[in-house]
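Colleague: Sequence and predicted structure, then a few things I'm wondering about:
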Amino acid sequence: MLPTQPYMVNMGPQHPSTHGVLRLRLVLDGETVLDAEPVLGYLHSSKEKLQEEHTYLQTIPITDRMDYLSAMNNNLGCALAIEKLAGIQVPERATYIRVIMSELQRIASHCFAQGTLLQDMGAWGTPLMYFLYEREQILDIFEMVCGARLTYNYIRPGGVSQDLPPEFFPLVRKFLAEFPAQLDDYERYLKDNEILRARTVGIGVFPRELAINASATGPTLRASGVPWDIRKADPYCCYDRLEFEVPVGQRGDCYDRFMMRLYEMRESLSIIHQALELLPPGEWKAPVPLVIRPQPGDAYAHIESPRGELGYYLVSDGGASPWRFHVRAPCFINLTALRDLLVGHKVADVVVIVGSIDIVMGEVDR
Amino acid sequence: MYGLGVAKGMLVVLKRLLRRPVTRQYPEEPAPLAPRFRGYDFAWVEERCTGCATCAKACPHGCIEIVTHPSEDGRYSIDVFDVDTGLCMVCGLCVEACPYDALYMGRGFELAQYQRGDLVAHKEDIANRALLSAYYRTPFQEQVGTRENIQGFYQPIKGLEKAPAAKPQG
Ligand code: SF4
Ligand code: SF4
C-alpha cells in the first residue's frame, strides 16, 4: 500500500454538472470526499439591490430572472408580497389562474430537474429529451398565455396581466389527458432501473433531524419524511379549496428525492384538473395603479416553489419602490447542508447529490 | 432478477422511438409563434404618440429615450424616440403602460447585429414597421375586438391604419 495524503480539488465553477456556476472545494482521499465547501457568488447579479430602485410593478420581471426554471412561481411570490404590503384584493378568477399556472410551472420545472439529474448520472441525453418533450408542451401553453417561454412577467400585483385565451383550454386538457400515461411510462422506465438504484439508493442521505435543522424545504425536506408543504401549512391563493396529497419519502436519499418529484407531478395534475373545473368567470385583474405607494411597513409572503419555500420580504417606507427587497431562496438554504451530504461519498456521487437537491444558481446567488 | 428493470425501461424506449418528435430544424423550419408572442421589433404609431413618456418611465431598464419639443398646435412633436433593444428584456411593461396605444411589440427575435449601436431602434425604424408584425396587445385592446385580427398571424391589424392623422401642419 502506498502512503497517500488528502488533496484539494476544485469542482466548478465551469463544471457541466454543477447546474450553473457552483464551485465546490473538495478535499479528497483517493476518490472519497473528506471535506466539501460550496463557494457561492459566481452568478451574483445584485438583483435584491436592483429592486430597491424599481417601482413595485417593475420588480416582477426581475424576479423572472432569479429562478428562471420556475419564473411563474417567482412572479407569484413577489405579487403576493406586494399585495399583502399594499392591501390589494385579488379577484377570484385570478387566484385560480395563478394556481393553474404555478402548477404547470411546477411540472415543467420538475421535468427539467429529473432530466438533468439523469443526465448527471450518465443517462446521456435520452431521459433528458423525454422530459424536455413534456416541458416543451407546457412552454407552448405559457407562450400562448403570456407571450414568453421563459421569463413570463405574467402574474402581477392585483391579478394576472392578461386573461386566459380561449385556445388555452383545449391545449391544457389535451396535456392533462396525455401526461399521466407518459408519467406511468417514465415510472416504469426509471423506478426499478438497477443502474439508477445503484447510483441513488443510500447515497446522500439527508437525515430527518438534520433536514429540519438546516431548514431545508420542498422535495428535499419531504424526501426525508417531513410532510411540510406551504400549500397545506399556510395556504395561499385557493389551495385551501383544492384537494391534494403531499407525498413523503422515508430514507431521504437521492432516490427518494428523485421519486418525490415524480409523485408531485401527479398531484399537480390533479390540482390543475380541479382548478380548471372551479375556474370562475369574471375579472382577472384588480384595478391597480401603475405606481403603487404602500403605507410604511413590511410584509412577508411565502409560496411552495418547485424547490421549496420561496419567500419574499418587502419593507416599504411609503415611497414608490421597496426600501428593502429580500428573497428567501429555497435552493440557497437547501445548499447549506451540502457538506453533511457529501462527506464520505465518492466524487461521482457528488454530482448526483448536487443534482438531486435541484439547485438553480440564478436563485442561489441572485 | 438483475437487469429486469433495465429491460422494462428499454420497452419504453422502444415505444418512444415511434413518437412524433417536437424538435424542429430551426433556421429552415421556424416554430409557429403564439399570437401574444413578445418580440423585440417594436412598432410605434407616430400619429398617436403624444410624447408623454409614460412608456419610458414604465421601463425597468430605461431602454426608451424620448426627446420632444412643443410644436405650434400645442402638441409635442417627437425628435427622438429610441428603443435600445440591446438592453430590453422583452417584459412588455412599456406596451401595457402606453395610454394612447401607440407602442406595440413585434414578433422578431433574430436581431443579431455586428455593432452594439445598431441594436438601438430609432424613430424611423419603428415607425416604418407598418404594424405588420406586432401582436402583443394590452388586455384592453384584446377585449375591444382586435382579437380576430391578432389571430391571423400575418395580417396587418385592421383599424389601426385608419388612425386619425392629427399631424401638426408646419
Ligand atoms: S419591453 Fe420592457 S425592457 Fe423592453 S423597452 Fe419595454 S419596458 Fe423596457
Ligand atoms: S408611446 Fe405611448 S407612452 Fe410612450 S410617449 Fe408615446 S404616447 Fe406616451
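Modeller: Thanks, I have it. Ligands and ions are numbered 1, 2, ... in the order given.

Colleague: For ligand 2, what's the nearest residue on the stretch 51-200 of chain A?
Modeller: Closest approach between the stretch 51-200 of chain A and ligand 2, counting by Cβ to the nearest ligand atom: residue A:57, at 14.6 Å. (Each C-beta comes from the backbone N, C-alpha and C, glycine too.)

Colleague: per-residue confidence for that residue?
Modeller: Per-residue confidence (pLDDT) for residue A:57: 89.

Colleague: Tell me if it really is in a strand.
Modeller: No - counting by DSSP: H, G, I helix; E, B strand; the rest coil, residue A:57 is not part of a strand but helix.

Colleague: so who does it touch?
Modeller: A:156, A:157, A:288, A:290, A:291, A:292, B:58, B:93 (Cβ atoms under 8 Å, 6 or more residues apart in numbering or on different chains).

Colleague: hang on, residue A:310 in a helix?
Modeller: No - using three-state DSSP, the secondary structure at residue A:310 is strand, not a helix.

Colleague: okay, now it: neighbour count?
Modeller: Number of residues near residue A:310 (other Cβ atoms under 10 Å in any protein chain shown) recorded here: 29.

Colleague: for residue A:54, same thing?
Modeller: Look at residue A:54: counted by other Cβ under 10 Å, it has 18 neighbours.

Colleague: residue contacts, it?
Modeller: Contact analysis of residue A:54 by Cβ under 8 Å, 6+ apart lists A:62, A:321, A:322, B:60.

Colleague: ranking these by neighbours, who comes first?
Modeller: Across the contacts of residue A:54, neighbour numbers were computed from other Cβ under 10 Å; residue A:322 holds the maximum, 27 neighbours.

Colleague: Please tell me how far it sits from residue A:287.
Modeller: Distance, residue A:322 to residue A:287, using Cβ to Cβ, to the nearest Å: 21 Å.

Colleague: give the contact list for the residue in the stretch 51-200 of chain A that chain B sits nearest to.
Modeller: Closest to chain B within the stretch 51-200 of chain A is residue A:192: 3.3 Å, counting by Cβ to the nearest Cβ. Residue A:192 sits next to B:4, B:5, B:8, B:9 when contact means Cβ under 8 Å, 6+ apart.

Colleague: Just to be sure, residue B:83 is in a helix?
Modeller: No - checked against three-state DSSP, residue B:83 lies outside a helix; its state is strand.

Colleague: Now for the contacts of residue A:54: which two are most distant?
Modeller: Using Cβ to Cβ, the pair of those lying farthest apart is A:322 and B:60, separated by 13.3 Å.

Colleague: Tell me the confidence at residue 134?
Modeller: With no chain named, the answer covers chain A. So residue A:134 comes in at 87 (pLDDT).

Colleague: The intended chain is chain B.
Modeller: With respect to pLDDT, residue B:134 scores 48.

Colleague: Residue A:265 against residue A:183, yeah?
Modeller: Yes - proximity of residue A:265 to residue A:183 meets the contact threshold set by Cβ atoms under 8 Å, at 6.1 Å.

Colleague: What helices and strands are in contact with the helix or strand that residue A:263 is a member of?
Modeller: Here residue A:263, judged by DSSP states H and E, is contained in helix A:254-278. In terms of contacts (3 or more Cβ pairs under 8 Å, 6 or more residues apart in numbering or on different chains; DSSP states H and E), helix A:254-278 is packed against helix A:92-121, helix A:168-190, helix A:194-200, helix A:219-222, helix A:347-357.

Colleague: Residues contacting the helix or strand just after the third one, please?
Modeller: What that stands for is helix A:194-200. Note on helix A:194-200: by DSSP H and E, the next helix or strand toward the C-terminus is helix A:208-213. The contact list for helix A:208-213 (Cβ under 8 Å, 6+ apart) reads A:220, A:221, A:224, A:225, A:226, A:252, A:337, A:340.

Colleague: Repeat that for stretch A:269-281.
Modeller: The contact list for stretch A:269-281, computed with Cβ under 8 Å, 6+ apart, reads A:92-93, A:96-97, A:99-100, A:103-104, A:107, A:169, A:172-173, A:176, A:179-180, A:183, A:238-239, A:241-244.

Colleague: out of the residues you listed, which are buried?
Modeller: When the contacts of stretch A:269-281 are checked for burial by 16 or more other Cβ atoms under 10 Å in any protein chain shown, the buried set is A:92-93, A:96-97, A:99-100, A:103-104, A:107, A:172, A:179, A:183, A:238-239, A:242, A:244.

Colleague: what about residue A:48, neighbour count?
Modeller: Per other Cβ under 10 Å, the neighbour tally for residue A:48 reads 16.

Colleague: Got phi/psi on it?
Modeller: With angles defined as degrees, to the nearest 10, residue A:48 sits at phi -60, psi -40.

Colleague: so it sits right up against residue A:325, yeah?
Modeller: Yes - Residue A:48 sits in contact with residue A:325 when judged by Cβ under 8 Å, with a separation of 5.3 Å.

Colleague: re the thing from before, can you tell me which of the helices and strands packed on helix A:254-278 the model trusts least?
Modeller: helix A:194-200 (a mean of 83).

Colleague: That one: which residues count as buried?
Modeller: By neighbour count with 16+ other Cβ under 10 Å, helix A:194-200 contains the buried residues A:196, A:199, A:200.

Colleague: and what of stretch A:41-56?
Modeller: In terms of neighbour count (16+ other Cβ under 10 Å), stretch A:41-56 has its buried residues at A:42, A:43, A:47, A:48, A:50, A:51, A:54, A:55, A:56.

Colleague: got it, and stretch A:276-294?
Modeller: Neighbour-count burial for stretch A:276-294 flags A:276, A:279, A:284, A:285, A:288, A:290, A:292, A:294 (criterion: 16+ other Cβ under 10 Å).

Colleague: measure the residue of the stretch 51-200 of chain A closest to ligand 2 to ligand 1 for me?
Modeller: Using Cβ to the nearest ligand atom, to the nearest Å, residue A:57 is found at 10 Å from ligand 1.

Colleague: Check residue A:26 too.
Modeller: In terms of Cβ to the nearest ligand atom, residue A:26 sits 41 Å off from ligand 1.

Colleague: In this structure that residue contacts residue A:349, no?
Modeller: No - taking contacts as Cβ under 8 Å, residue A:26 lies outside contact range of residue A:349: 11.5 Å.

Colleague: Which residue comes closest to residue A:228 once chain neighbours are left out?
Modeller: Excluding its sequence neighbours, the residue lying closest to residue A:228 (Cβ to Cβ, 6 or more residues apart in numbering or on different chains) is residue A:221, at 5.8 Å.

Colleague: What is the neighbour count of the one you found?
Modeller: Residue A:221: 28 surrounding residues under other Cβ under 10 Å.

Colleague: Lowest mean pLDDT among the helices and strands, pick that one out for chain B.
Modeller: helix B:147-151 (a mean of 41; mean pLDDT, DSSP states H and E).

Colleague: how about the residues of chain B near ligand 2?
Modeller: Residues of chain B lying near ligand 2 by Cβ under 6 Å from any ligand atom: B:49, B:50, B:51, B:52, B:53, B:54, B:55, B:66, B:98, B:100, B:102, B:103.

Colleague: The same query, at a cut-off of 5 Å, please.
Modeller: Residues of chain B lying close to ligand 2 (Cβ under 5 Å from any ligand atom) are B:49, B:50, B:52, B:53, B:54, B:55, B:98, B:100, B:102, B:103.

Colleague: which residues of chain B fall in strands?
Modeller: For chain B, the strands defined by DSSP state E occupy B:39-44, B:64-70, B:76-84, B:103-106, B:120-121.

Colleague: and among those, the most buried is which?
Modeller: Greatest average neighbour count among those goes to strand B:103-106 (a mean of 24), per mean count of other Cβ atoms under 10 Å in any protein chain shown.

Colleague: Show me how far that strand is from its chain's centre.
Modeller: Computed by Cα atoms, centre = their mean, to the nearest Å, the separation of strand B:103-106 from the middle of its chain amounts to 4 Å.
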